[in-house]
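[1] Here is a sequence with its predicted model. Questions after.
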Amino acid sequence: MSHGYGERVARTWFDRRTHDGRQWSLDQLLEAKRSAAQRLTVVIPARNEAATVGDVVGRIHAAFVEGSALVDELVVIDGESTDDTAAIAAAAGATVHRLTEIRPDLGTRVGKGEAMWKSQFVTSGDIVAFVDADLTQWDTHFVTGLVGPLLTDPAVALVKGFYERPYRSGATYEPQGGGRVTELVARPMLAIARPELTQVVQPLAGEWAVRREVYETLRVPIGYGVDLAALIDVADRLGIDAIAQVDLGVRAHSHQSLHDLGPMSVQLMAAVLNRARQTLDDHVPLRQFRALRDGYAPVVHDVDVTERPPAVEVAR
Ligand SMILES: O=c1ccn([C@@H]2O[C@H](COP(=O)(O)OP(=O)(O)O[C@H]3O[C@H](CO)[C@@H](O)[C@H](O)[C@H]3O)[C@@H](O)[C@H]2O)c(=O)[nH]1
Ligand SMILES: O=C(O)[C@H](O)COP(=O)(O)O
């Protein structure tokens, strides 16, 4: 696919499949859920998130398990935490499964993707929404926003959340500085290999939802490549029109150190390269987004990735 074609496809997709995550009321979704006879599962992968998992589980439980019938299963997959994550999540209302106890016959690998893959063996909802456990700034409309397109449009198979991402370092606060791996790895990789997906505003968002019947047919990387892999695989399998994205406002989470983001980056690049099937163009349009008061401004850099031939092959 040439980049010009990918760009056009991406632009058309953005206009058609980008939604405001608050556009669906709870009543609307409950009605859509009833008439489509869909059951909803929320899965929260968590490893050592004692500080935040109680808030994430507790608020989703209060709004959609206790307060309404939107969520049928609220599950935390505890990835071998050494803190009180499991007990806190259970007290807040989640059904907690320890990763090692799910289908032990399949062996256990450590990673976020492993938790999400194994969650399929202990849940049964027709729609599965994933939410990270380390959120510090978020709200329960994350859940309604993610399931909105799936409950109201049968053509949609996967929904990605997007948001502004503040970055906090001690007392210093950077309104839009978060998402270092997104900016330095995910976006460039997509720009090179998958231009049709470059209008996905937050390709690494941990908040996304998918139809079980689709997800269960996909390969799942055991680590952080899980989110990007699902995006690419659904686009390949069903076309990008089966993907929607919803604006969820602002999201903040706990930050990993730069060093910890190295392995994450490797997992992401591996997920893309494992799915690569094209030769590179000389120029790669890299799209970035600046948040404005009333939307987002894309900024496109034309990155030169031309390669020189070996010097011995150059005529002297
Ligand atoms: O072995 C692990 C590692 C992480 N997690 C959980 O997965 C979620 C996200 O992990 P985190 O380490 O906080 O990742 P981030 O630094 O937040 O990474 C961002 O970028 C990743 C790469 O795409 C995405 O997978 C994440 O969802 C996204 O938030 C959290 O609830 C973790 O507790 C596990 O369950 N098991
Ligand atoms: O999504 C990302 O890019 C990584 O998780 C890093 O995010 P951060 O820069 O907000 O810590």
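    Ah, there it is. Ligands and ions are numbered 1, 2, ... in the order given.
[2] When you work out contacts or count neighbours from here on, use the C-alpha atoms and nothing else.
    Fine.
[3] What are the boundaries of the strands in the protein?
    Secondary structure of the chain (DSSP state E): strands located at 18-20, 40-46, 73-78, 95-98, 127-130, 135-137, 158-164, 167-169, 172-174, 208-211, 243-250, 252-253, 283-292, 295-304.
[4] gap between the two ends of stretch 31-44?
    Using CA to CA, to the nearest Å, the end-to-end distance of stretch 31-44 comes to 25 Å.
[5] can you give me the helices for the stretch 201-316 of the chain?
    Using DSSP state H, counting those that start in this stretch, the helices found in the stretch 201-316 of the chain span residues 212-215, 226-238, 258-273.
[6] Which elements pack onto the longest one?
    When you say that, I think you mean helix 258-273. Under the contact criterion of 3 or more CA pairs under 8 Å, 6 or more residues apart in numbering; DSSP states H and E, helix 258-273 touches helix 187-193, helix 226-238.
[7] try 7 Å this time
    The helices and strands touching helix 258-273, judged by 3 or more CA pairs under 7 Å, 6 or more residues apart in numbering; DSSP states H and E, number zero.
[8] That helix: how far from the chain's middle?
    The chain centroid and the centroid of helix 258-273 are separated by 15 Å, computed with CA atoms, centre = their mean, to the nearest Å.
[9] what does the second one give?
    Centroid separation for helix 226-238 versus its chain: 11 Å, with CA atoms, centre = their mean.
[10] List the contacts of it.
    113, 203, 204, 206, 218, 220, 271 (CA atoms under 7 Å, 6 or more residues apart in numbering).
[11] ok, is it in contact with ligand 2 or not?
    No. Applying CA under 6 Å from any ligand atom, one finds helix 226-238 out of contact with ligand 2, separated by at least 10.4 Å.
[12] what angle do that helix and strand 243-250 make?
    150 degrees (axes from the mean of the first three to the mean of the last three CA atoms, to 10 degrees).
[13] which parts of helix 226-238 are buried?
    For helix 226-238, a neighbour-count test (16 or more other CA atoms under 10 Å) marks 226, 227, 228, 229, 230, 231, 232, 233, 234, 235 as buried.
[14] Would you mind listing what in the stretch 51-200 of the chain touches ligand 1?
    Checking the stretch 51-200 of the chain against ligand 1 by CA under 6 Å from any ligand atom, the hits are 79, 110, 111, 112, 115, 132, 133, 134.
[15] show me the contacts for the second one.
    Taking CA under 7 Å, 6+ apart, we find residue 110 in contact with residue 79.
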